[in-house]
Structure formats: structure tokens, C-alpha cells
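Engineer: fold the following.
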Amino acid sequence: MSGAKAKSSPLKLFALVVAWYVGNTAYNVYNKKATNMIHAHWFIACAQLAVGILWSLILWGTGMRKAPALNASDIASCAPIGLFACVAHAGSVLAMGVGAVSFAQIVKACEPVFAAVIGLAVPPMDVKPLLAYAMLIPIVGGVGLACVKEGKGIDINMAAFIWASIANAAAALKGKLGGSVTKKLEADKSKNMDSANVYAVMNIMAFLFTVPMVVVAELPTLKSEWDHAAEKHGSTAIITNIALSGIFFYIYNEFAFAFTGEVGAVTSSVLNTAKRVIIIVVSAVMFSEPMERNTVIGSAIAIFGTFAYSLASAKKHAAPKAKTH
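Structural biologist: Have a look, this model is predicted:
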């Protein structure tokens, strides 16, 4: 059929996944290095988005990529996506800034729980198969087990837990409210809104919402915080880690968006779950983050639950085959 989308080659899909995984892992490493150096985490989140904007402007300005052709109504429709993208990104940065990367990733494995609740609470209602809801139990149970330390009982970094949970809620809202908007924009070819430009526009909107938070939360102490960090670590090291985290943040998201556009949200969600395993292991090794028995078992259970939730959710979208005579 002429209108059918050409099937992507396995090599292309493999390259997208590798770029996504490598970029995401590198982002988490450089982001943690940056947040360890300077305790101005809203500023770091904002600077990372600014790096992505610079990259987009270069591509559009040189003609390497067609610039979006959006009107005021289109931009307004993207505002909620940008707001929740801002909160999702900043929440993740703050969670990993005040706590271990591995712990933040374990809590972020709970994102399907937030997505399921928001799917039911925010119209139009999105009802998943019963098996999908059942898979939320091992997700929550696994995260809970990961928070139980041997000989100490429940031991939670509440600040990291709250920020990671806020990021989960914002990501779920972004997906819920933004899906129809992005599909509409991508369908109108005159607007030049392919998956790469959808992410670029969302990145710009997120930046615009992040700036006021930097002003309110950190601007009064930003100079003194920068001077203190620069004296201890050197300005070059701080700038390098922030810049690299921004570059890899943009790269991994663009490749993730491209991969999702090729294979669909369910397959992408499954691989996003597998990605967390790599990040948890790498961060535990690089930053000497403790991984006790309960943490390992709990994370494995939660990640398995997320994997099973993604597969169970896919059954709802499988259309029954038409009978042939």
C-alpha cells in the first residue's frame, strides 16, 4: 500500500537504541558530576536545556534541518507540554542532585503507577487491561523493598524520593496531555514537525518555564554558590560537566523520540525499562553508590514489573483481526 510507512531496517533501529542508551548513561554521569560540584540544581537543569536550544538553532540556521512553521495557536497548544517537560526534567535533576542516581532511577521505575492513575483521572479516560494494573503491585512492592536497609529498616532519602515522584507525575501528565497535540502537529507536513522538531520545540518551551524557577529559587544565591564551587572545583570543570550533560541530554532524547516514532510507544517503553538497569549499574560503580541485597532484589522486581506492565498495556492496542471468507 502506498500510504503505508516503510519498515525501518534492524540496523537503523539498533543504532538508535545504542545512541539512546549511550547518551542517557553519559547524561546521568555528567549530570551527577555537575550537581555534585555546584548546588544550584534548577540552574543546571536550565543550562542543560539551553545547550539543546543552541544545537537546534544551529541545525535550523544552517538549513541542515527544516525549522518548524508554527503559528500562535500551535505554540499555545504546546505550552502544557513544555510546562510538564520542565517539571519532569528539573525533578529528575534535583532528585539525582540530592540523592544517589541509582535510587532516583529506582523511584522513576514507578512512572507507570503515575501514568495509570492519571490515565484514569484525566479525561479522556484511558483504561488499561486488568493484567497491566496487576503489574503495578510488583512495581510498588519492589521500590518499597529497595528502600528497606538491612539492620536499619526503611531508609528513604525523602527529598530525592519527592523530586523523583514529582518528575514521574509530570512525565505522565506530559504524555497524557501532549500525545494528541504532537500527533496533530506531526500530521500537518506544512509545519515541519517530525519527531526531532517536536522534541526541539518541547525543549524550548521547557526552558522558558524553567527560567522563572531559577530566578525565584536560586538567583539570589547563584553568584556566591558559583564562586564557592569554582574555588573548589574550577570553573572549567563545572562548565564542562554542565555542557556535556546538556549535550547528552538532548542527544539521548532526540534519539529516543526518533526510536519511538519508528516502533511505537510500547516497544519504546520496554526498552526504556531495560535502560534503567544499565544506568543503575554504571552509577553504582562510578559514584560508589551502595547496592545492598534488598536494593538489588527490589530494583529487579520493580523493573520486571515495569517491563510486564508495558507488555500487558500493549494488549489493549492490539486490534482484532478481521475475518476473511
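
Engineer: so what's residue 101 up against?
Structural biologist: 28, 32, 279-280, 283, 287, 289 (Cβ atoms under 8 Å, 6 or more residues apart in numbering). (Each C-beta comes from the backbone N, C-alpha and C, glycine too.)

Engineer: low-confidence ranges in the stretch 201-325 of the chain?
Structural biologist: 264-266, 315-325 (pLDDT under 70).

Engineer: quick one: which of the contacts of residue 101 is nearest to residue 298?
Structural biologist: residue 280 (11.2 Å; Cβ to Cβ).

Engineer: so who does the nearest residue to residue 274 once chain neighbours are set aside touch?
Structural biologist: Nearest non-adjacent residue to residue 274, counting by Cβ to Cβ, 6 or more residues apart in numbering: residue 307, 7.4 Å away. The neighbours of residue 307, taking Cβ under 8 Å, 6+ apart as the test, are 270, 273-274.

Engineer: let me have the residues you listed in a markdown table, extended by secondary structure and neighbour count.
Structural biologist: Formatted as a markdown table, the contacts of residue 307 follow (DSSP: H, G, I helix; E, B strand; the rest coil; neighbours: other Cβ atoms under 10 Å):
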| residue | secondary structure | neighbour count |
| --- | --- | --- |
| 270 | helix | 18 |
| 273 | helix | 21 |
| 274 | helix | 13 |
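
Engineer: can I get those in a markdown table including distance to residue 137?
Structural biologist: As requested, these are exported to a markdown table (distance: Cβ to Cβ, whole Å):
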| residue | distance to residue 137 |
| --- | --- |
| 270 | 19 |
| 273 | 16 |
| 274 | 21 |
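
Engineer: quick one: which of those residues is nearest to residue 301?
Structural biologist: Distances from residue 301 to the contacts of residue 307, taken by Cβ to Cβ, are shortest for residue 273, at 12.4 Å.

Engineer: circling back to that earlier point, and the residue nearest to residue 274, how far from residue 285?
Structural biologist: Applying Cβ to Cβ, to the nearest Å, the value for residue 307 to residue 285 is 23 Å.

Engineer: and for residue 286, the neighbour number?
Structural biologist: 14 (other Cβ atoms under 10 Å).

Engineer: who touches it in this structure?
Structural biologist: Residue 286 neighbours (Cβ under 8 Å, 6+ apart): residue 29.

Engineer: quick check: the gap between it and residue 280.
Structural biologist: 11 Å.

Engineer: which stretch of helix or strand covers the closest residue in space to residue 56 that isn't next to it in sequence?
Structural biologist: Of all residues not flanking residue 56 in the chain, residue 200 sits nearest, at 4.2 Å (Cβ to Cβ, 6+ apart). Remark: residue 200 resides in helix 195-217, with elements defined by DSSP states H and E.

Engineer: before we move on, back to that, the helix or strand harbouring the residue nearest to residue 274: which residues count as buried?
Structural biologist: For residue 307, the element it lies in under DSSP H and E is helix 293-317. Neighbour counts over helix 293-317 (16 or more other Cβ atoms under 10 Å) mark 294-295, 298-314 as buried.

Engineer: check the gap between the nearest residue to residue 37 once chain neighbours are set aside and residue 289 for me.
Structural biologist: Excluding the flanking residues, the one nearest residue 37 by Cβ to Cβ, 6+ apart is residue 233, at 4.7 Å. Counting by Cβ to Cβ, the separation of residue 233 from residue 289 is 20 Å.

Engineer: kindly report the same for residue 55.
Structural biologist: On the measure of Cβ to Cβ, residue 55 and residue 289 end up 30 Å apart.

Engineer: next up, the contacts around residue 55.
Structural biologist: Contacts of residue 55 (Cβ under 8 Å, 6+ apart): 247, 250.

Engineer: quick check: it is in a helix.
Structural biologist: Yes - under DSSP: H, G, I helix; E, B strand; the rest coil, residue 55 sits within a helix.

Engineer: any idea how far it lies from residue 65?
Structural biologist: In terms of Cβ to Cβ, residue 55 sits 10 Å off from residue 65.

Engineer: could you do residue 42 as well?
Structural biologist: Shown here: residue 42 relative to residue 65, a distance of 29 Å by Cβ to Cβ.

Engineer: neighbour-wise, which of these two wins?
Structural biologist: residue 42 (22 against 16).

Engineer: report pLDDT for the more buried one.
Structural biologist: pLDDT for residue 42: 98.
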